[in-house]
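Participant: could you look at this predicted model? Sequence included:
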Amino acid sequence: MPARLRLDTETHAVECFFANWIVYPDQASPGYMQNLPRLYEDAMPDSVLHLITCALAFADVGRTSNGGREYKLKALQSYGAAITRLRTLTREPKNFQSDGILAALLLIDAFETMYMGETWPHGPHDQALKYMLEVRGDEQLYSSKHFCLSRIAIYRLQTKQLLLGQDDSALHQTLLASLNRDRPDLHIMFDVYQMQRLCARADHLIHHWEHELVDGAMAQVERLLQEIEELITSIEAWTSTLDASLKPHREFPDLADRLRQVAEPNEDHDNPCFVCPGKGGVLTHHDTSVAFLWTFYAAAQIILRDSTVQVLRLAASLSPNEPHHHQHRMHSEQRAIVTLSSSILRSVPKFMGFDVVRSDEPGLSDHPSQASSLGRFLGVFSMTVVQNTQATSQAHKDSAGEVLAWLHKSSLSEQTDSR
C-alpha cells in the first residue's frame, strides 16, 4: 500500500476513533479523554500512545467495516507494538509520571477489555495504573490538564476493585481527601470510595466472623449496617438536590415494547438482541460521560446493597429471635436493587448507541449516540454488576448477559480465528 494512502487510512481511522471515544466537557459534563487529541498530536509515531491509539482506531473501523479483516490485523499489530514499547519504558520510572503514558495505559485497558477477550475485571496493567497515580503525586490534583486523566484512572480502578471486593483505602484516601466534593463527578467518586470500604468490611465480616468476632459479632454487624444505612440516606438526599441537567430523563414510554419487536440482530443494524425492561421508557442523559457517572453510581450501590443483604442474613443467624426486622430490611434492599438495575438497563439503548432501531417508527432516531463506542466500553462494568447480583430479577440478569455476550463478539481474537 503506498505510504500516502496508508497515512490517509490511519488518519481517517483515528479521526473516527476520536469522534466515537471522546466527550468534551461543558457546564454539566466533566468530559472524557478530552486532551487525547493534543497528546496524540504531540506523540512520536513509535510512542506507546500513538501505537495504542491506532490499535483502537483500526479495531473500531474493523468492527464496523464490511472489509474489516485488514483493519483487525492492523489493530493487533499496533497493539503488540504498543505493549513491546511499554515494556522498554518500565526501565525508567520517571516515564510513568507523564500524561502520555497514563493515557496510553487507559487506552490499553480499553483495547484489552473490548477487543482481546480479556477476563475482566482482572487486568495485567492495574498495578501500573496504581503506581502512576502514586508517583504523579499531589500535582495531578491541582491541574485540570493532569487531573482529567487521573480522574479516569481512579474510576477504572474503582470499577475493578468493587467487582473484586478490594479496598484500596490508602491510595484513595490520599487522592480523594483534597477533592472538591461540590463537583458532582467527584462527589460520586468519594461516595464510591466509601462504598468500597463498607463492602470490604462486609466481606471480611461474613467470611471471618466465626474466627475473629465471636464475642462481638452482633455489635460489629449492627454498627456496619448502621453505617451503610447512613451512607445510603446521604446518597438519596444528595441526588435529590441535583440540577435537572445531571439527572436522567425519560423518553419514549412505549419504546420497551418496540425494542422487543425490532432490536433483532441483522446485517444492517449493529444491535444486540436486547430487551429494555419495564414500562418506564428509555432513560437518556446529558452525554455519554454523564451516563457513565450515573450507571457507575447505580452499579456501585447495587454492590453495596447486595453486601447489605448478605450481612442481614448473618444478622438473622446471630439473632434468631428477631427475624422479622432483618427480613423486612432484606426485602427493602432487594426492591432497591431491582429498581437500580432497571434504571441501568433502561439507560443502555442511548448510552451504548443501540437507538438505531427503525426509521419508520415515529419519534425514534436513526442517528447513533455521541461516543457510542465509549459508552459500550464504559457500560461493561454496570452490565457485569447487573448480571452478577443475586438480588435482581432473572429478566434483568438475562438482558445484561445478552449485552455482554454481544460485546464479546467484538473480540479480535475470536473474529480472526473464525475466518
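Facilitator: Noted; the coordinates are in hand.

Participant: by contact count, what packs against the host helix or strand of residue 193?
Facilitator: Using DSSP states H and E, residue 193 maps to helix 184-212. In terms of contacts (3 or more C-beta pairs under 8 Å, 6 or more residues apart in numbering; DSSP states H and E), helix 184-212 is packed against helix 144-164, helix 169-176, helix 217-240, helix 288-318. Placement of C-beta: from N, CA and C, glycine included.

Participant: buried stuff in it?
Facilitator: The neighbour-count check on helix 184-212 (16 or more other C-beta atoms under 10 Å) flags 184-189, 191-205, 209 as buried.

Participant: stretch 71-85 now?
Facilitator: Within stretch 71-85, the residues that count as buried by 16+ other C-beta under 10 Å are 71-72, 74-76, 78-79, 81-83, 85.

Participant: okay, now the domains of the chain?
Facilitator: Using automatic domain parsing, the domains assigned to the chain come out as 1-178, 181-419.

Participant: redo the ones you listed as JSON lines? Include mean pLDDT.
Facilitator: JSON lines is the format used below for these (pLDDT from 0 to 100):
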{"stretch": "domain 1-178", "mean pLDDT": "85"}
{"stretch": "domain 181-419", "mean pLDDT": "80"}
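
Participant: which residue of this structure sits farthest from its center?
Facilitator: What lies farthest from the middle of the chain is residue 321; by C-alpha atoms, centre = their mean that is 41.8 Å.

Participant: where along this structure do the strands fall?
Facilitator: Using DSSP state E, the strands assigned to the chain run over residues 249-251, 282-284.

Participant: and these as a markdown table, adding mean neighbour count and distance to residue 299?
Facilitator: Formatted as a markdown table, those follow (neighbours: other C-beta atoms under 10 Å; distance: least, C-beta to C-beta, whole Å):
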| stretch | mean neighbour count | distance to residue 299 |
| --- | --- | --- |
| strand 249-251 | 14 | 20 |
| strand 282-284 | 23 | 14 |
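
Participant: the ones you listed: which one's closest to residue 162?
Facilitator: Across those, residue 162 has its closest neighbour in strand 282-284 (21.7 Å, C-beta to C-beta).

Participant: packing partners of that closest one?
Facilitator: Strand 282-284 packs on strand 249-251, helix 323-351, going by 3+ C-beta pairs under 8 Å, 6+ apart.

Participant: now render the strands of the chain as CSV, adding distance to residue 137.
Facilitator: Below are the strands of the chain laid out as CSV (distance: least, C-beta to C-beta, whole Å):
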stretch, distance to residue 137
strand 249-251, 40
strand 282-284, 39
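
Participant: out of those, which is closest to residue 94?
Facilitator: Nearest of the strands of the chain to residue 94, taken as C-beta to C-beta: strand 282-284 at 44.1 Å.

Participant: describe which strands that closest one pairs with in its sheet and in which direction.
Facilitator: Applying DSSP bridges, strand 282-284 is found paired with strand 249-251 (antiparallel).

Participant: residue contacts, the residue positioned nearest the centre of the chain?
Facilitator: Computing the C-alpha centroid of the chain and ranking residues by C-alpha atoms, centre = their mean puts residue 378 first, at 3.6 Å. Contacts for residue 378 (C-beta atoms under 8 Å, 6 or more residues apart in numbering) come out as 288, 291-292, 295-296, 351.

Participant: I figured residue 299 hits residue 387, correct?
Facilitator: No - with contact defined as C-beta atoms under 8 Å, residue 299 and residue 387 do not form a contacting pair (10.8 Å).

Participant: who has more neighbours, those two?
Facilitator: The residue with more neighbours, out of residue 299 and residue 387, is residue 299; 25 against 19, by other C-beta atoms under 10 Å.

Participant: any figure for the gap between the closest residue to residue 96 other than its chain neighbours and residue 157?
Facilitator: In space, and not counting its chain neighbours, residue 96 is closest to residue 132: 5.0 Å by C-beta to C-beta, 6 or more residues apart in numbering. Distance of residue 132 to residue 157, given as C-beta to C-beta, to the nearest Å: 11 Å.

Participant: now swap in residue 47 and tell me
Facilitator: The spacing between residue 47 and residue 157, counted by C-beta to C-beta, is 24 Å.

Participant: ok, residue 127 to residue 300 distance?
Facilitator: Residue 127 is 22 Å from residue 300, by C-beta to C-beta.

Participant: out of these two, which sits in the busier spot?
Facilitator: The neighbour comparison of residue 127 against residue 300 (other C-beta under 10 Å) goes to residue 300, with 26 against 9.

Participant: and the more buried one, what is it in contact with?
Facilitator: 158, 162, 191-192, 195.

Participant: roughly how far apart are it and residue 188?
Facilitator: According to C-beta to C-beta, residue 300 stands 8 Å off from residue 188.

Participant: cool, residue 246 as well?
Facilitator: Distance from residue 246 to residue 188, by C-beta to C-beta: 10 Å.

Participant: so which of the helices and strands packed on strand 282-284 is the most packed in?
Facilitator: helix 323-351 (a mean of 20; mean count of other C-beta atoms under 10 Å).

Participant: just give me how far it sits from the chain centre.
Facilitator: Chain-centre distance of helix 323-351: 19 Å, with C-alpha atoms, centre = their mean, to the nearest Å.

Participant: and it, what does it pack onto?
Facilitator: Packed against helix 323-351, as judged by 3+ C-beta pairs under 8 Å, 6+ apart, are the following elements: strand 282-284, helix 288-318, helix 372-388, helix 394-408.
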